[in-house]
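Participant: Sharing a model prediction with you, sequence too.
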Amino acid sequence: MKAIKIFAFTMCVLFVSHVNAQKGEVKLNIEYSYALPTGSFKNDVISNGSPRGAIGDLLYNINNKFSVGLGLGFQDFYQKYPRALYNTGDKEVTSAVLSNSVQIIPLLAKAEFYPLGDKKGMIQPYITAGAGLGIATFTQYLGEFGSSDNSGSFMFQGGAGVEIPFSKFSHAGVRLGANYNMINYNRSGFSNFNNVNFHAGLFFPLK
């Protein structure tokens with residue numbers, strides 16, 4: 001019930017916001033994120049998709065077509081593999097269940113471009129790019145024995161999507177899109193935590 005009340009209050013705030021992307025405006029994006037591992041991350045660490053993610057962006061409109069700001073997020077990947085035989089030492093083989101867990105927190109400087117920003121359309125496509133720090137926590141359990149590693153490395157993000165205002169003259173609305181995230185991770189024989197995330201949520205101006 002409390003969550004429903006919070007959601008209803010948020011929707012009321014959004015609907016009374018009458019703004020359309022204007023110069024000098026500050027905008028907040030809050031979105032749910034579903035991510036899929038790619039490349040060696042998928043092949044060597046975790047192949048399961050992650051439904052546990054969120055994105056928050058705070059952007060400043062330089063003009064109707066360009067915005068810059070900061071991005072923060074969280075994505076939690078997890079997979080448990082069936083019992084198998086693993087080499088655990090010199091001529092030593094262990095039968096165990098392997099589980100891998102990876103949490104990623106991006107801290108990015110971001111820019112967005114709206115090719116139709118000068119037009120008052122109901123659908124505004126956008127292209128986004130970001131670069132900064134990807135903080136990763138990698139935990140691995142082989143049976144009851146576990147190890148954990150925390151690291152921060154360079155992260156690049158590129159993506160595209162659409163914004164759909166609640167009305168023709170509103171700057172609050174629904175946001176849909178997808179990002180490709182490149183995250184360096186050169187430890188324990190693993191090279192990266194690259195992934196694709198699909199996101200949906202709300203955008204609204206801050207005054």
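Facilitator: Here it is on my side, so go on.
Participant: where along the protein do the helices fall?
Facilitator: 2-15, 39-40 (DSSP state H).
Participant: any idea of the mean pLDDT in the first one?
Facilitator: For helix 2-15, the mean pLDDT works out to 40.
Participant: ok, longest strand in this structure?
Facilitator: Secondary structure of the chain read by DSSP state E shows that its longest strand is strand 145-165.
Participant: Adjacent strands (with direction) for that one?
Facilitator: Strand 145-165 has the following strand partners under DSSP bridges: strand 124-142 (antiparallel), strand 173-187 (antiparallel).
Participant: As JSON lines, the ones you listed with mean neighbour count, mean pLDDT and distance to residue 71 would be great.
Facilitator: In this view, the C-beta of every residue, glycine as well, is placed from N, C-alpha and C. Formatted as JSON lines, these follow (neighbours: other C-beta atoms under 10 Å; pLDDT from 0 to 100; distance: least, C-beta to C-beta, whole Å):
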{"stretch": "strand 124-142", "mean neighbour count": "18", "mean pLDDT": "93", "distance to residue 71": "5"}
{"stretch": "strand 173-187", "mean neighbour count": "18", "mean pLDDT": "93", "distance to residue 71": "10"}
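Participant: Adding distance to residue 35, write these out as CSV.
Facilitator: Output for the strands paired with strand 145-165, formatted as CSV (distance: least, C-beta to C-beta, whole Å):
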stretch, distance to residue 35
strand 124-142, 13
strand 173-187, 8
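Participant: wait, which of these is closest to residue 115?
Facilitator: For residue 115, the closest of the strands paired with strand 145-165 is strand 124-142, at 6.3 Å, according to C-beta to C-beta.
Participant: Least confident secondary structure element in the protein?
Facilitator: In the chain, the helix or strand scored least confidently by mean pLDDT, DSSP states H and E is helix 2-15, which has a mean of 40.
Participant: before we move on, back to that, so which of the strands paired with strand 145-165 comes closest to residue 49?
Facilitator: strand 173-187 (13.1 Å).
Participant: Give me the contacts around stretch 96-104.
Facilitator: Contact with stretch 96-104 is made by 45-46, 73-84, 86, 134-143, 181, 183, 193, 195, as judged by C-beta atoms under 8 Å, 6 or more residues apart in numbering.
Participant: who's in contact with residue 178?
Facilitator: Applying C-beta under 8 Å, 6+ apart, the residues near residue 178 are 159, 160, 161, 196, 197, 198, 199.
Participant: Go again with 7 Å.
Facilitator: Neighbouring residues of residue 178 by C-beta atoms under 7 Å, 6 or more residues apart in numbering: 159, 160, 161, 196, 197, 198.
Participant: Which residues does it form beta bridges with?
Facilitator: Taking DSSP bridges as the rule, residue 178 bridges to residue 160, residue 198.
Participant: how close does it get to residue 118?
Facilitator: Distance, residue 178 to residue 118, using C-beta to C-beta, to the nearest Å: 25 Å.
Participant: Please apply the same query to residue 176.
Facilitator: 22 Å.
Participant: Pop out the phi and psi values for the closest residue to residue 65 other than its chain neighbours.
Facilitator: Nearest in space to residue 65, with sequence neighbours left out and distances taken as C-beta to C-beta, 6 or more residues apart in numbering, is residue 117 at 3.8 Å. Main-chain torsions, residue 117, degrees, to the nearest 10: phi -60, psi -20.
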